[in-house]
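>>> Got a sequence here, can you model it:
(chains A and B)
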Amino acid sequence: MDRATFEELAMQHLDAVYRMALKLTGHPEEAQDLVQETFLRALKASERYEERGGGMRPWLFTIVHNCFYTNVKRNKRQATAVEDFGGVASDDRPPDEPPPAWSLAELDWEHVDGRLKTAIEDLKPEYRTVLLLWGVEQLKYKEIAVIMEVPVGTIMSRLHRARLALTRSLGDLAAELGFSTDSSPNSETT
Amino acid sequence: MTDENQYNPLDGSPLSAAVLLRLEADGELPEAWRQRLDETMQADPHAEDRIAFERALKLRVSKVMAQSAPAGLAERVRASLAEADPQAQAIAPPSAPAAPALPATSAPAPAPIYSFRQRLTRYALAAVLTLLVGVSGFLAWQGRNGLPSPRSDITLQQASTRVFKFVDSQARICGDLGRYFKGKMKCRELGEVPSTLSEYLGTQAPAPSLSGSGYRFEGAGKCAVPYYGPSLHYVYTREAPSGRVPLSLFVQHGQAPADMSEGSLYELVREGAEVHIYTWCAGELIYYLVPVPGDDVEEVLRDFSAPATRVELGA
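Model prediction:
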């Protein structure tokens, strides 16, 4: 693939790659460096690229993900272990949960979005990444699993825990705003 | 195996109602489990609320996390792609199409006669146009080379993290002497460096030899070390039991940051990194050295006449 073709196919996903880089690094400047490295590596590997439907986006996601974790390993930083849930105890399967007593529609969107942003930023990078690929990029569990090179079950579990953290955070907001939260997922034990 | 890996409803594990509802909300429920979901929906009065909540949450997440790339990133990426593309470097820019030939019968038009005031206005316009072309040419040159405006007001301490990451990653990417290296490196002979790369650097490009320390010059090319001006990347290798190992030198032309003294050698140290990066300035040139991990760097630094006074900086 020549550079012009590569550029045409790849650059349309710049925003998506940047979003993922930002969620991985947590820093705008580092994210830009990571995006540049990703596109350079992608160009270098473009002869091996095969269109499998869905365009170049999933392939670029795989590269940005690999670049980030390769750098982490290379710098001998402590890579986040899959087992580490940041203090949230784990179990074999998520228990059944009642729906929140409050409704998102009842809450003020500005409040909701502000609280969600904070809760998302508090998540670990691998949880934020899953949330991004699922929520913004609308990828399927299997596609996310391929990109992140983990089993589908891991993706589902991460997604479950990320959603749980967000729901709890919104539950706190609902309580602060005076909504009843008796059956909110806050009572859930995990 | 962690609990994360054990939790996989798609492999036929027992399903909780919550998982079924979430799969349904995400549009991921396998058809084989549709009946089970229906039973759950009938048994649980909150099931529909749960699905609605999960969908609303996904929508809010997508709105909160949606973000565009910052202005300028596309240009930066395009510039680096162009720089990395070996084919593009070999192709000369297309020349302007030749002007159509005038009919042989056409006579030259008489030169118009202008008043002094008209001539003055034309000269002034020409001067402004020349200035504009010069400025836009400079900006285009910067854009083409992926260079930010030189920023000597950024201190080395402020720049150290980004510079470290950039220099370290470029050293690694080029270190395998592969396709990226081949596309980037314009000179394969040290003697060619001054004649080929001085114009880009904006000053006489140095041609440092490390043969005395056992290093072989592999190539040099344009680079875009952040902040202080245009830069070149030199790659050397030396023999090692594991094969040839690379050493990178970056030379940047620009005004050194205010906190960088010409008589000092700065050792950029990044926690957990395999190597330290050494930087020093001499005149209008700033040097960044990425040694071979584990190598004794002192001999190489002496070859470069790097300052002896050492200052350690966290990057």
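>>> CA only for contacts and neighbour counts going forward, please
Will do.
>>> Going by secondary structure, the residue nearest in space to the middle of chain B is in what exactly?
For chain B, the residue nearest the mean C-alpha position is residue B:80 (5.9 Å; Cα atoms, centre = their mean). Residue B:80 belongs to helix B:73-84 when assigned by DSSP states H and E.
>>> now for that helix, which elements pack on it?
Other elements packing on helix B:73-84 under the criterion 3 or more Cα pairs under 8 Å, 6 or more residues apart in numbering or on different chains; DSSP states H and E are helix A:3-10, helix A:28-44, helix B:86-90, helix B:116-144, helix B:179-184.
>>> do that again at 10 Å, thanks
With contacts taken as 3 or more Cα pairs under 10 Å, 6 or more residues apart in numbering or on different chains; DSSP states H and E, helix B:73-84 sits against helix A:3-10, helix A:14-25, helix A:28-44, helix B:86-90, helix B:116-144, helix B:179-184, strand B:216-223.
>>> which parts of the helix or strand of chain A with the lowest mean pLDDT are buried?
Among the helices and strands of chain A, helix A:109-122 carries the lowest confidence by mean pLDDT, DSSP states H and E, at a mean of 81. Residues of helix A:109-122 classed as buried: A:112-113, A:115-117, A:119-120 (neighbour count, 16 or more other Cα atoms under 10 Å in any protein chain shown).
>>> again, but for stretch B:38-55
Neighbour count says stretch B:38-55 has B:40-41, B:46-47, B:49-55 buried, by 16+ other Cα under 10 Å.
>>> So what's the residue count around the residue in the stretch 151-300 of chain B that chain A sits nearest to?
Going by Cα to the nearest Cα, chain A is nearest to residue B:273 of the stretch 151-300 of chain B, at 4.3 Å. Residue B:273 has 20 neighbours, counted by other Cα atoms under 10 Å in any protein chain shown.
>>> what about it, is that helix, strand or coil?
coil (DSSP: H, G, I helix; E, B strand; the rest coil).
>>> so how far is residue B:165 from it?
Distance, residue B:273 to residue B:165, using Cα to Cα, to the nearest Å: 10 Å.
>>> and what of residue B:275?
If you measure residue B:275 against residue B:165 using Cα to Cα, the figure is 11 Å.
>>> Sketch out the low-pLDDT regions of the chain for me.
In the absence of a named chain, chain A is used. Within chain A, the segments meeting pLDDT under 70 span A:53-54, A:75-110, A:178-190.
>>> try again with chain B
For chain B, the stretches flagged by pLDDT under 70 are B:1-15, B:86-152, B:179-180.
>>> let's see 80
Applying pLDDT under 80 to chain B flags residues B:1-16, B:84-153, B:178-180, B:182-184, B:224, B:294-296, B:315.
>>> where exactly do the strands run in it?
Taking DSSP state E, the strands of chain B run over residues B:185-187, B:216-223, B:231-240, B:243-253, B:264-269, B:277-282, B:285-290, B:309-314.
>>> In a markdown table, list those along with mean neighbour count and distance to residue A:41.
Below are those laid out as a markdown table (neighbours: other Cα atoms under 10 Å in any protein chain shown; distance: least, Cα to Cα, whole Å):
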| stretch | mean neighbour count | distance to residue A:41 |
| --- | --- | --- |
| strand B:185-187 | 21 | 17 |
| strand B:216-223 | 23 | 16 |
| strand B:231-240 | 21 | 18 |
| strand B:243-253 | 22 | 19 |
| strand B:264-269 | 20 | 26 |
| strand B:277-282 | 22 | 23 |
| strand B:285-290 | 22 | 21 |
| strand B:309-314 | 13 | 28 |
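>>> Now the residue nearest to the spatial centre of chain A: closest residue in space, sequence neighbours ignored.
For chain A, the residue nearest the mean C-alpha position is residue A:129 (1.9 Å; Cα atoms, centre = their mean). For residue A:129, ignoring the flanking residues on the chain, the nearest one in space by Cα to Cα, 6 or more residues apart in numbering or on different chains is residue A:23 at 6.1 Å.
>>> list the contacts for the one you found?
Residues near residue A:23 by Cα atoms under 10 Å, 6 or more residues apart in numbering or on different chains: A:17, A:31, A:120-121, A:123-132, B:65.
>>> Please pick the buried ones from those.
If we count by 16+ other Cα under 10 Å, these have these buried: A:17, A:31, A:120, A:123-132, B:65.
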